[in-house]
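[1] Fold the following.
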Amino acid sequence: MQSDVIDAEQFSTTADGLDGIIPALVGALLDRRDELMAVLTRVATRQAAEDEFFRSLRALAGAPWEIQRNSPGRLRRLATFLPSNNLLYSYVLFGVIPSLYTEEIRIRPSARVAPSAMAVHEILGPAVRACGGLVRMAPVSQRAFLADCASSDAVVFTGQPENAGSVAARLPDDALLLAFGSGPNPVVVGPEADLAAACRSVLAARLYNSGQDCLCTDIVFIHRSVAGEVVTRLADALADVRTGDRRSASTAVAALVYPDAVDGAAAFLSVHRQSVVRGGEVDTVRGVVEPSLLHMPWQGAFHPPEFFSPVVLTMEYEHAGQIRQWLHSPEEAARGMYVSVFGEPGLTQTRISTSVVCQERVTFDVEDGNRPFGGYGPRAGSVRRRGNVTGRPLLLSAEAGRRDLP
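    Down below sits the predicted model:
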């Protein structure tokens, strides 16, 4: 890869200046689609990879609007910890689009999927360079990459929230750190919900890429008046879910990429065996978690883990106040992202505690690569600047537009 840092004035980041760049980048994705899909399906189901490809196209197409709207200050260097899923989409969000207002971007792929992430970079990196951007990716150690972070204007961190502090400690005081975490993203199925539509949405939000996404819902609250029918519908639907080769277009659930997710699901299903309605089996050798449904009575002190597997956990509630109280608990206020509400007239706010409310939609319906992502829980997503940590929806160009740059 070329070693010279581009001049800050080499290209313009105004909407007019991107007229030729964006079509070229979109064209590169379209021209190399088959190669990209072959790479993505190493770690994602074909269905999820197709969705990711089109989300990437949409984000690129929306980049001129995003940049014009946020007017990001020009960054000298950006350091990015690439997540282990959504490899193409993350490369576009944290590499390709920022290259339009950043002189140099350095990316460290997750060690779990480094060969696949490097393959995405090898396919698209030349197109980014041809458009004047400079993106470097290398599977270096975290210690070595922290040295890059220390000399960067901004850092995108996508690891465990508790590790964000150690990254921040290595940064200059005026550096910008965006820490992307995760949350339970609960779904609420209320007494007035269209049950067929709500159940389809629940399964879409839980089974995306076999459940291996931070936007997947980890708990579904069902009003007592409709709990029996909803649980039956979900159990029947899960019986028809196809498990198989992730490269097949008809496969909804495949072997998991992360062994710890398999072990976590096996442990949870074992401990809560009495709550299993359907499924519950785990093949730890093959890494396959059977699409499973568990149903529990209301437990206000229960806080689900992040499953990263096809485990659908439902819990019965009696009134909307229980949901509000649960979302305001210290545990959920810390990790609040989204809460999806279907047919619950007691939850009409746009935000409850730190969670952004999605009315009649799930997280995958509202997520937009050109707009801020997530909620206000500091463990779900936070920005650190000059010693201050604030939980809020995150978008790099918007945060770069907030700060005074040299």
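[2] how many other residues sit next to the residue nearest to Gln142 when sequence neighbours are not counted?
    Leaving aside its sequence neighbours, Gln142 sits nearest to Arg108 (CB to CB, 6 or more residues apart in numbering; 7.3 Å). Where C-beta positions appear, they are placed from N, C-alpha and C, glycine not excepted. Arg108: 23 surrounding residues under other CB atoms under 10 Å.
[3] can you check Val356 too?
    With other CB under 10 Å as criterion, Val356 counts 23.
[4] How about Gly336?
    Count around Gly336 with other CB under 10 Å applied: 30.
[5] can you check Pro191 too?
    15.
[6] Over to Thr284?
    Neighbours of Thr284 (other CB under 10 Å): 12.
[7] swap in Glu66?
    Glu66: 21 neighbours (other CB under 10 Å).
[8] Surely it is in contact with Ile97?
    Yes: between Glu66 and Ile97 a contact is recorded at 7.3 Å, counting by CB atoms under 8 Å.
[9] joint contacts of the two?
    When CB atoms under 8 Å, 6 or more residues apart in numbering defines a contact, the residues bordering Glu66 and Ile97 alike are Ser397.
[10] isn't the residue nearest to Gln142 right next to Val140, touching?
    Yes: because the distance of 6.0 Å satisfies CB under 8 Å, Arg108 is recorded as touching Val140.
[11] Provide the secondary structure category for Ala400.
    For Ala400, the assignment made with DSSP: H, G, I helix; E, B strand; the rest coil gives helix.
[12] Domain-wise, how is this structure divided?
    Listed domain ranges for the chain are 16-181+380-402, 187-366 (source: automatic domain parsing).
[13] how about those in CSV, adding distance to Gly374?
    What follows is these, written out as CSV (distance: least, CB to CB, whole Å):
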stretch, distance to Gly374
domain 16-181+380-402, 4
domain 187-366, 5
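[14] quick one, strands of the stretch 201-350 of the chain?
    220-223, 276-278, 282-283, 288-289, 292-296, 311-317, 338-342 (DSSP state E, counting those that start in this stretch).
[15] Determine which stretch of these is the most buried.
    strand 338-342 (a mean of 27; mean count of other CB atoms under 10 Å).
[16] coming back round to it: quick one: which of the strands of the stretch 201-350 of the chain is nearest Thr348?
    strand 338-342 (8.1 Å; CB to CB).
[17] Next, the buried residues of the one helix or strand Ser166 maps to.
    For Ser166, the host element (DSSP states H and E) is helix 161-168. Burial within helix 161-168, assessed by neighbour count using 16 or more other CB atoms under 10 Å, is assigned to 161, 164, 167-168.
[18] do stretch 233-240 as well
    Applying 16+ other CB under 10 Å to stretch 233-240 flags 233-235, 237-238 as buried.
[19] Same question for stretch 73-83.
    Buried, per 16+ other CB under 10 Å, within stretch 73-83: 73, 75, 77-83.
[20] and if you look at stretch 193-207?
    193, 195, 198-199, 201-207.
[21] which residues touch that stretch?
    185, 187, 189, 215-217, 220, 223, 226, 229-230, 233-234, 237-238, 241, 252-253, 291, 310-312, 340, 342-344, 361-364.
[22] do stretch 154-167 as well
    Contacts for stretch 154-167 (CB under 8 Å, 6+ apart): 75, 77-83, 90, 94, 146, 149, 171, 175-181, 378-379, 382, 384, 396, 399-400.
[23] Equivalent analysis for stretch 384-399, please.
    Contacts of stretch 384-399 (CB under 8 Å, 6+ apart): 66-67, 70, 72, 78, 93-94, 97-98, 101, 154, 156, 164, 168, 173-180, 336, 354, 356, 370-383, 403.
[24] those helices in the stretch 301-406 of the chain, which residues are they?
    Taking DSSP state H, counting those that start in this stretch, the helices of the stretch 301-406 of the chain run over residues 320-328, 330-334, 363-366, 396-402.
[25] What ranges does the stretch 151-300 of the chain have for its helices?
    Counting by DSSP H, counting those that start in this stretch, the helices of the stretch 151-300 of the chain are 161-168, 195-207, 227-239, 259-271.
[26] Any chance of those in a markdown table with distance to Val285 and mean pLDDT as columns?
    Putting those into a markdown table (distance: least, CB to CB, whole Å; pLDDT from 0 to 100) gives the following:
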| stretch | distance to Val285 | mean pLDDT |
| --- | --- | --- |
| helix 161-168 | 30 | 86 |
| helix 195-207 | 22 | 97 |
| helix 227-239 | 22 | 97 |
| helix 259-271 | 10 | 96 |
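[27] Looking at those, which is nearest to Ala127?
    helix 161-168 (29.4 Å).
[28] mean pLDDT for the domains of the chain: which is lowest?
    Looking at the domains of the chain, the lowest mean pLDDT belongs to domain 16-181+380-402 (a mean of 93).
[29] How about Gly343: what's its closest non-neighbour residue?
    Ala193 (2.9 Å).
[30] Same question for Leu88.
    Ser56 (5.2 Å).
[31] now Arg112: how far from Glu332?
    Distance, Arg112 to Glu332, by CB to CB, to the nearest Å: 28 Å.
[32] Which one's more surrounded, the two?
    Remark: of Arg112 and Glu332, Glu332 carries more neighbours, 24 against 15, as counted by other CB under 10 Å.
[33] how far away is that one from Phe307?
    In terms of CB to CB, Glu332 sits 16 Å off from Phe307.
[34] of the buried residues of stretch 73-83, closest to Arg273?
    Pro83 (32.0 Å).
[35] wait, that closest one sits on Tyr91?
    No: Pro83 lies out of contact with Tyr91 (CB under 8 Å); the separation is 10.1 Å.
[36] Thanks again, I'm all set now.
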